[in-house]
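Undergrad: Below: sequence and its predicted model.
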Amino acid sequence: MVKEFILKCLDYLKIKYQVNGHEIIDEHSREFIIKTNPKFFRPTDVDLLVGNNTKAKTKLGWKPKHTIDSLVKDMMSADVKRYD
């Protein structure tokens, strides 16, 4: 889920935030980190989407290289290095 990913990125960066519905606010500056516009919500969106990678694992021998946490760590550390 995108929101979970964003929150993990903020946690990695040690940014304190508050979640207010679909919006995320920086606790320090009180500015929006993420602000959503209901105009762009899908009318029939589902709360939970679940995938199953069993077929890729069994038929293709595929193995994931990352967990969500290791992916966040790799992506965020690369971005931090680039902008430091």
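TA: Structure received.
Undergrad: Counting neighbours, what do you get for Ile24?
TA: For Ile24, the count of nearby residues is 19 (other CB atoms under 10 Å). Every residue, glycine included, has its C-beta placed from N, CA and C.
Undergrad: what sits against it?
TA: For Ile24, the residues meeting the contact criterion (CB atoms under 8 Å, 6 or more residues apart in numbering) are 6-7, 10, 17-18, 32-34.
Undergrad: So the residue lying farthest from the centre of the chain, which state does it fall into?
TA: Of all residues in the chain, the one whose C-alpha sits farthest from the chain's mean C-alpha position, using CA atoms, centre = their mean, is Lys59 at 28.8 Å. Reduced to three states with DSSP: H, G, I helix; E, B strand; the rest coil, the structure at Lys59 is helix.
Undergrad: Would you mind measuring from it to His66?
TA: Noted for Lys59: a distance of 21 Å to His66, by CB to CB, to the nearest Å.
Undergrad: where do the helices sit along the chain?
TA: For the chain, applying DSSP state H gives helices covering 2-12, 54-60, 68-83.
Undergrad: deepest of these, which one?
TA: Using mean count of other CB atoms under 10 Å, the stretch among the helices of the chain with the largest mean neighbour count is helix 2-12, at a mean of 14.
Undergrad: Now do that one, average pLDDT.
TA: Averaging pLDDT along helix 2-12 gives 93.
Undergrad: again with stretch 67-75
TA: The predicted confidence, averaged over stretch 67-75, sits at 95.
Undergrad: Next: stretch 29-41.
TA: 91.
Undergrad: So for that stretch, what gets flagged as buried?
TA: By neighbour count, with 16 or more other CB atoms under 10 Å as the criterion, the buried positions of stretch 29-41 are Ile33.
Undergrad: May I have it as PDB, with CA atoms only?
TA: Extracted C-alpha coordinates of stretch 29-41, given in PDB (Å, rounded to 0.1, in the frame of the first residue of the first chain):
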ATOM      1  CA  SER A  29       6.300  22.500  10.600                       C
ATOM      2  CA  ARG A  30       2.600  21.600  10.600                       C
ATOM      3  CA  GLU A  31       2.800  21.600   6.800                       C
ATOM      4  CA  PHE A  32       1.300  18.900   4.700                       C
ATOM      5  CA  ILE A  33       3.700  16.100   3.600                       C
ATOM      6  CA  ILE A  34       0.900  14.400   1.700                       C
ATOM      7  CA  LYS A  35      -2.400  16.100   0.900                       C
ATOM      8  CA  THR A  36      -5.000  14.200  -1.100                       C
ATOM      9  CA  ASN A  37      -7.800  15.600  -3.300                       C
ATOM     10  CA  PRO A  38     -11.000  13.500  -3.000                       C
ATOM     11  CA  LYS A  39     -11.700  14.500  -6.600                       C
ATOM     12  CA  PHE A  40      -9.100  11.900  -7.600                       C
ATOM     13  CA  PHE A  41     -10.400   9.000  -5.500                       C
END
